[in-house]
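>>> Sharing a model that was predicted from the sequence below.
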Amino acid sequence: MSGLSRSKSPMGALVGVAVMAVGVIAPFFLSRYQIGLATQILIFGMLAMSIDILVGFTGRTSLGHGAIFGASTYVVLYCVTQAGLSPYLAVVLGIATATVLAAVFALLAVRTNGVYFLLLTLALGMIVWGICLRWTQVTGGENGLRGDIRPKALADYKDFYWFILALAALVTFGIRRFVQSPFGLTLRGIRDSDSRMRSLGYNVPLHLFIGFTMSGFFAGVAGAVYAFFNNFVSPSTVALTQSVESLLMAIIGGVGTLYGSFIGASALIALQNLVSSHTERWQSVLGITFTLIMIFAPEGIVGKFRALRAKYASKH
Amino acid sequence: MDRRQFLQTTAAGLAAAGTGLQPLRALAQGEPIRVGLMAPLTGVIASGGKEMVEGTQFWFEKINYQIAGRKVELIIEDDASNPDTALQKARRLVEQNNVHFLTGNLLANTGLAVANYVKGTGTPYFIPIIAADELTQRGRIPNVIRTAGYSGSAFPRPLADWALKQGYKRIATISQDYTFGHEQCGGFSQVFTEGGGTIVQQFWHPLNTADFSPYLGQIADLKIDAIFVMETGADATRFTQQFNSFGLKGKIPLLGAMNMTDQSVIRTMGAEVEGIISAAHFAEGADIAATKEFVEAYTKKYEKIPSLYGFSMYSGMMWVSRAIEKLGGKVEDKAALLDAVLKTELTDSPLGKPVKLDAYGNPIYDVYIRKVTKRADGKFWNVPVETYPAVSQFWKYDPEAFMKEPAFSRTYQGAKKS
């Protein structure tokens, strides 16, 4: 990660501040719908970034994160609409549930890697989906749960956007700190060679467990605020497609780049919204686009930019 | 540099996500009436979604996309059979396209998600297909009206009454295990047990069941007088075929929910559907001039007999159009539009009979007991055999008292303990 040292330069900090500034003033120039889309992009960007901890920095591809994310959404909606708790407490419980769920997933999945890890997380995610679909008394079954649960203080869509923007900045900072910490380095070590890490005396399963649980925590944060965004949850939020879509966002943006997650989320959500209003074959268009990205920029959009820049720099 | 690129691409992404600043809106009256239609054009029920679009277009073409001198602009969005997508599309239609009202959606969960959203915006939302009881009962939202739609538990009630009149005493039910099934079986069980009948057993199976033989084996041994079946789409086709190949057809009378014998199901099937009884407000084989005219015109244009989806969207949009005419085209005033729709009596629909909405935004129909019958050309359709006039979604109960009872679910079926 060569970007590491550079981003500590004053230039990097300046760009970071500029991005935030654009984010902060954006609502004054965008329509209500566009602000809604931007909010959605930020939420899914956080989810994709939590997956990037595993895919990009630990070398484990998870297909269970949609379920962890959605479990948090379910708990928040249940707590507010059925149990009558305060939305703030509900968010805490939602994130806690996601973290515990991730810990359970992690316990089962840490001893595997490659395609076995993928399949195990997929199966665990399917179990969560099955429970949400069939446990009608609690989850509302197919119809899901709904209600006006967003706290009064965030009721205005612009305020809510700013809140999510601040949260996304915080989450980005948190995840960056996490993957760049000495602990994050051990995760990268595991990604590159877990047998070597083992022989160096690291407790690989424990590190994976902590890495997965932290990733689940961040997915839970995104899931909890998604409940405020939609005021609604149904089994499709915990379904496999959710996991696949958020993984796609991380991959399109560029795995191991973190910021790429927001680019990936923007690309996917913007495409979905633009293309689908022009043709009902929008899914084919999306599929072709992704295939092209995988052929010409397998390292993702941000990854491709970095590679091109490195090439340019070496020539001059 | 990383962040600069991030900045550039984000800005480009956000710019691409829309058309920039909102254009100044033209004076209201010169503008078209913008109608936002959501239908599942992709996903498991895409064929139904397509028919919804056809039905809607069929109506607007008939009036040349003109209501009270104003042009109609129909904006169609795909809800992808997914409530999250439906919600996103509803936001787009309301916040970006500034539609005057929303309509459509097929699956209950997509409709409920959109209804929850319009609760906050106040946008009128007309639901000719979404049958979830809740929306015109306990969870009524004033700006959600079921124009030309029906509530799930409503039509099985007259069917249960009819079954009692046939002398059926013992009936079992089999249904897909989700709210739409719970509601239809609930309506049936409630009326049937209150009239002295017994619900012997209720089978609930997951959606998309490929093999019904475990259930059919049990059904054959129950010694029942009839079976009430609530299936939609491919499950309806498979159940009917397997019921037939198990040799149960002709032995146990089959009473179906209306979607069981809808054209969308039976138009591809053969003799196995003949004789199934169901209850509905619309029977494509009814000997009524208005119905015949609609069915003929639709068949000519789309080369198939109209299904519930085509009929409901056509009539639902007709209903709203008639109300807008009364307002002289002023759709901007949401409260006036909703009020006008609630007060409009639809007189010239394909039903051939006037239909009114009750105080909860649900239509009161004459309900037919229908029988699947073979036409001269070998196709099958539903023909009325008996009529129950003016059936309310609350049947013969007091609405207030009825809504104090719990909503129908797998565990609560309103059945009277005998």
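Here it is on my side, so go on. Numbering: from 1, shown residues only, chains lettered A, B, ... in the order given.
>>> Please make it C-alpha for all contacts and neighbour counts, starting now.
Noted.
>>> Would you map out the domains in chain B?
Per automatic domain parsing, the domain ranges recorded for chain B read B:29-151+B:289-352, B:156-286+B:366-404.
>>> Chain A: which of those domains is closest?
With C-alpha to the nearest C-alpha as the criterion, chain A lies closest to domain B:29-151+B:289-352 of those, at 4.5 Å.
>>> Can you give the distance from that closest one to the centre of its chain?
Relative to the chain's own centre, domain B:29-151+B:289-352 is displaced by 11 Å; criterion: C-alpha atoms, centre = their mean, to the nearest Å.
>>> circling back: could you dump the domains of chain B to a markdown table with distance to chain A?
Shown next, in a markdown table, are the domains of chain B (distance: least, C-alpha to the nearest C-alpha, whole Å):
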| stretch | distance to chain A |
| --- | --- |
| domain B:29-151+B:289-352 | 4 |
| domain B:156-286+B:366-404 | 6 |
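>>> Is it possible to get TSV of the ones you listed that adds mean neighbour count?
Shown next, in TSV, are the domains of chain B (neighbours: other C-alpha atoms under 10 Å in any protein chain shown):
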stretch	mean neighbour count
domain B:29-151+B:289-352	21
domain B:156-286+B:366-404	20
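>>> Format the ones you listed as a markdown table; extra columns: mean pLDDT and distance to A:Ile263.
As requested, the domains of chain B are exported to a markdown table (pLDDT from 0 to 100; distance: least, C-alpha to C-alpha, whole Å):
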| stretch | mean pLDDT | distance to A:Ile263 |
| --- | --- | --- |
| domain B:29-151+B:289-352 | 92 | 19 |
| domain B:156-286+B:366-404 | 93 | 37 |
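>>> Report the buried residues of stretch A:198-217.
By 16 or more other C-alpha atoms under 10 Å in any protein chain shown, the buried positions in stretch A:198-217 come out as A:202, A:204-205, A:207-217.
>>> Closest one to chain B out of those, please.
Among those, and counting by C-alpha to the nearest C-alpha, the member closest to chain B is A:Gly216, at 21.6 Å.
>>> Just to check, that closest one is in contact with A:His65?
Yes: contact status for A:Gly216 versus A:His65: in contact at 7.2 Å, counting by C-alpha atoms under 8 Å.
>>> So B:Lys119 sits against B:Asn143, correct?
Yes: counting by C-alpha under 8 Å, B:Lys119 does reach B:Asn143; the two are 7.2 Å apart.
>>> A:Lys158 reaches A:Ala26, doesn't it?
No: taking contacts as C-alpha under 8 Å, A:Lys158 lies outside contact range of A:Ala26: 9.8 Å.
>>> How far does stretch B:357-366 sit from its chain's centre?
Per C-alpha atoms, centre = their mean, the centroid offset for stretch B:357-366 relative to its chain is 14 Å.
>>> Buried ones in it, by neighbour count?
B:Leu357, B:Tyr360, B:Gly361, B:Asn362, B:Pro363, B:Ile364, B:Tyr365, B:Asp366.
>>> Run through who's touching that stretch.
The contact list for stretch B:357-366 (C-alpha atoms under 8 Å, 6 or more residues apart in numbering or on different chains) reads B:136-137, B:140, B:144-151, B:281, B:342-345, B:355-356, B:387-393.
>>> Following element in sequence after the helix or strand containing A:Leu77, please.
Element membership of A:Leu77 [criterion: DSSP states H and E] is helix A:65-77. Using DSSP H and E, the helix or strand that follows helix A:65-77 towards the C-terminus is helix A:87-109.
>>> Let me know the angle separating the very next helix or strand once past that next one from helix A:65-77.
As assigned by DSSP H and E, the chain's next helix or strand after helix A:87-109 is helix A:114-134. On the basis of axes from the mean of the first three to the mean of the last three C-alpha atoms, to 10 degrees, helix A:114-134 is oriented at 30 degrees to helix A:65-77.
>>> Say whether chain B is contacted by helix A:114-134.
No: taking C-alpha under 8 Å from any C-alpha of the partner chain as the criterion, helix A:114-134 and chain B are apart, separated by no less than 8.6 Å.
>>> tell me the mean pLDDT for that helix?
Mean pLDDT, helix A:114-134: 93.
>>> Show me what that helix is packed against.
When contacts are defined as 3 or more C-alpha pairs under 8 Å, 6 or more residues apart in numbering or on different chains; DSSP states H and E, helix A:114-134 sits against helix A:65-77, helix A:87-109, helix A:240-253.
>>> now that helix: how far from the chain's centre is it?
With C-alpha atoms, centre = their mean as the basis, helix A:114-134 stands 17 Å off its chain's centre.
>>> For it, list every residue counted as buried.
Residues of helix A:114-134 classed as buried by neighbour count (16+ other C-alpha under 10 Å): A:117-122, A:124-129, A:132-134.
>>> any idea which element the residue lying closest to B:Glu51 once chain neighbours are set aside lies in?
Of all residues not flanking B:Glu51 in the chain, B:Gly310 sits nearest, at 5.1 Å (C-alpha to C-alpha, 6 or more residues apart in numbering or on different chains). B:Gly310 is part of helix B:308-326 when elements are defined by DSSP H and E.
>>> Please pull up the helix or strand immediately following that helix.
Where DSSP H and E defines the elements, the next helix or strand beyond helix B:308-326 is helix B:334-343.
>>> Could you list the alpha-carbon positions for that following helix in PDB?
Output in PDB follows, covering the C-alpha atoms of helix B:334-343 (Å, rounded to 0.1, in the frame of the first residue of the first chain):
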ATOM      1  CA  LYS B 334     -53.400  16.200  -3.300                       C
ATOM      2  CA  ALA B 335     -56.200  16.500  -0.800                       C
ATOM      3  CA  ALA B 336     -58.800  17.300  -3.500                       C
ATOM      4  CA  LEU B 337     -57.600  14.500  -5.700                       C
ATOM      5  CA  LEU B 338     -57.800  11.900  -2.900                       C
ATOM      6  CA  ASP B 339     -61.200  13.200  -1.900                       C
ATOM      7  CA  ALA B 340     -62.400  13.200  -5.600                       C
ATOM      8  CA  VAL B 341     -61.200   9.600  -6.100                       C
ATOM      9  CA  LEU B 342     -62.900   8.400  -2.800                       C
ATOM     10  CA  LYS B 343     -66.200  10.000  -3.900                       C
END
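>>> contacts for it?
B:122-124, B:143, B:145, B:319-320, B:323-324, B:326-327, B:330-331, B:356-359, B:361.
>>> Ok, stretch B:225-235 next?
For stretch B:225-235, the surrounding residues in contact (C-alpha under 8 Å, 6+ apart) are B:45, B:168-176, B:181, B:184-185, B:207-210, B:236, B:239, B:252-257, B:259-260, B:264-265.
>>> where's the residue nearest the centre of chain B relative to B:Met52, distance?
What sits nearest the mean C-alpha location of chain B, by C-alpha atoms, centre = their mean, is B:Ile129, with 2.6 Å. B:Ile129 is 9 Å from B:Met52, where distance means C-alpha to C-alpha, to the nearest Å.
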